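Q: structure for the following, please:
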Amino acid sequence: GYKPSVKGNELQIKRVLEAIGRSRQPLICAGGGVWLAHARQELLQLAERCAIPVVKTMMGISLMPTDHPLNMGMVGAHGNHCANQALAKADLLIMVGTRAADRAMVDPRDIQRRMATIHIDVDPAEIGKNMQAAIPLVGDVKVILNQLLEQNPPVTDSEAWREQLKDYRKAELSRVFPRREGYVFPGTVLRKLGRKLEEDSIVCADVGQNQLFTCKYLPQKNGRLLTSGGLGTMGYALPAGIGANIAAPERQTVVVCGDGSFQMSMNEL
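A: Purely as a prediction, here's the structure:
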């Protein structure tokens, strides 16, 4: 009897477009639901057509290449400075395929007090659970994004906003990591790894500091980052990497994990 809403309500679509047209500092927050809906291209089209910067949750981090001019990084308690600055200063937040969980939205009540919020998700139980949305929109993310694109969404007057964020992002991406004889900073390792990855590589990150370092410092191209998010499931990355490689043997697959996580599945290996 499970019959989820697929198409977004037309009146709510109209309200979303009006809110985008009024905003001067809009921001899209995209999560893993965009991957599940196969809506990556539609998300990029909407962001580019409306000139809206994008932050991602941990589950949506590989939706955009790191060097895309609208990509502001990962938001949340363990996220990038630029992404969190964007969230702190936006006047409209468009959440797409994300639960607004506590890792991504540290203080949901403060966010909804400061700005209008739009929440697009296929599961009505997720909308309003952690943060009340001014404009809730229930349906399949891919279908709803196409509905918005068909209505010729307005280009936002946000050039000053994008320039401000670009300065934050440039400083973040050009950061010089600490150096110490006999040691290596994790960000240095992951930057070097990112440069060697193929364009569509699959990266499986485990749990713990290695997960946070990977999400924060590994340059993304046009591949896929797989991780268990905030579930804390140690031992995830190795079997996930094997599964990904069986599913797509032609694509490069890399596993990033700590010693504890590796020991949890080395017998199976």
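Q: can you pull the pLDDT of residue 106?
A: Note for residue 106: predicted pLDDT of 66.
Q: all the strands of the chain, residue numbers only.
A: 26-30, 54-56, 71-74, 92-96, 116-121, 135-138, 202-205, 224-226, 253-256 (DSSP state E).
Q: which phi and psi does the nearest residue to residue 21 once chain neighbours are set aside have?
A: By the measure of Cβ to Cβ, 6 or more residues apart in numbering, the closest residue to residue 21 outside its immediate chain neighbours is residue 154, 4.0 Å from it. (C-beta placed from N, C-alpha, C; glycine too.) Note on residue 154: its backbone torsions stand at phi -70, psi 150 [degrees, to the nearest 10].
Q: before we move on, back to that, most packed of the strands of the chain?
A: strand 54-56 (a mean of 30; mean count of other Cβ atoms under 10 Å).
Q: list of residues touching that one?
A: Residues external to strand 54-56 that are found in contact with it (Cβ atoms under 8 Å, 6 or more residues apart in numbering): 27-31, 43, 47, 63-64, 70-75, 79, 83, 86-87.
Q: again, only this time at 7 Å
A: 27-30, 47, 63-64, 70-75, 83, 86-87 (Cβ atoms under 7 Å, 6 or more residues apart in numbering).
Q: check stretch 154-163 too.
A: 17, 20-21, 23-26, 50-53.
Q: now do 10 Å
A: 17-18, 20-27, 48-53, 69-70, 72, 86, 89-92, 164-165, 169 (Cβ atoms under 10 Å, 6 or more residues apart in numbering).
Q: quick one: the worst-scoring helix or strand of the chain on mean pLDDT to chain centroid distance?
A: Across the helices and strands of the chain, mean confidence by mean pLDDT, DSSP states H and E is lowest for helix 108-114: a mean of 72. The chain centroid and the centroid of helix 108-114 are separated by 20 Å, computed with Cα atoms, centre = their mean, to the nearest Å.
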